[in-house]
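1. Predicted structure and sequence below. I'll ask about it afterward.
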Amino acid sequence: MDRFATHHQHTIKEKHQSSSLSQPSFNNFQSYHIPSSRYTIIIMQFTTIFATVAALALGTNAAVLPRDGARLGQFRIFGEEGCSALNYGFWTVDESDANTCKGLNAPEGTVVKSIELEAMNFPAANGCTFYIYTDTACGAGRRALGGSNVGSCNNPLQEGESWGSWQFYCPTGSA
């Protein structure tokens, strides 16, 4: 055994012998010892709280997307005729979408076989008409929806056709 190890053991032995059981010693290592499980619990709680706060901060920042103008309407697209099977979701139409041709982005490898105009929001949509087209450039197979067509299902007229684009047309000063 080397000289340092012997000296170290001797110092520890003296400290234990000098401490008394009836009188607590502040130099005694055991009086300040906190079990390691307490440290683990404190660290785990801190980590959990930190992760929760970070998730809330990041999630709150991405939660709200501002609307671009008044809400004009809403429609839903389907992958099968009849507006019931293969629901691909709904689209909202804001004032910034008016008078612009938009493609129908169905899931890759699929087509839109039916569309339901679910709502036209008045007075914002006063004078506006919702058009759907069988091509992707708002040029072929145009059908006008609105008024009595709200809530009805719209399939293409020709067998094998599908819907490819839409436009919410509002004359100048309407929307």
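-> Perfect, I can see it now.
2. Now do the contacts for Ala98.
-> Gly69, Leu72, Cys128, Phe168, Tyr169, Cys170, Ala175 (CB atoms under 8 Å, 6 or more residues apart in numbering). Bear in mind the C-beta positions are built from the backbone N, C-alpha and C, glycine included.
3. again, only using 10 Å
-> 69-70, 72, 124-125, 128, 167-171, 174-175 (CB atoms under 10 Å, 6 or more residues apart in numbering).
4. Just send the residues you listed back as TSV, with pLDDT too.
-> TSV is the format used below for the contacts of Ala98 (pLDDT from 0 to 100):
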residue	pLDDT
Gly69	81
Ala70	89
Leu72	95
Ala124	91
Ala125	92
Cys128	94
Gln167	97
Phe168	96
Tyr169	95
Cys170	93
Pro171	90
Ser174	58
Ala175	55
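5. Counting neighbours, which of those residues end up buried?
-> Those of the contacts of Ala98 that meet the buried threshold are Leu72, Ala124, Ala125, Cys128, Gln167, Phe168, Tyr169, Cys170, Ser174, Ala175, by 16 or more other CB atoms under 10 Å.
6. Am I right that the fifth one is in contact with Arg142?
-> Yes - here Gln167 reaches Arg142: they are 8.8 Å apart, a contact under CB atoms under 10 Å.
7. got any residues that touch both of the two?
-> Taking CB under 10 Å, 6+ apart as the criterion, Gln167 and Arg142 both touch Tyr131, Ile132, Tyr133.
8. Just name the closest of those residues to Cys83, please.
-> Ile132 (12.6 Å; CB to CB).
9. I'd like the distance between the closest one and Glu81.
-> 14 Å (CB to CB, to the nearest Å).
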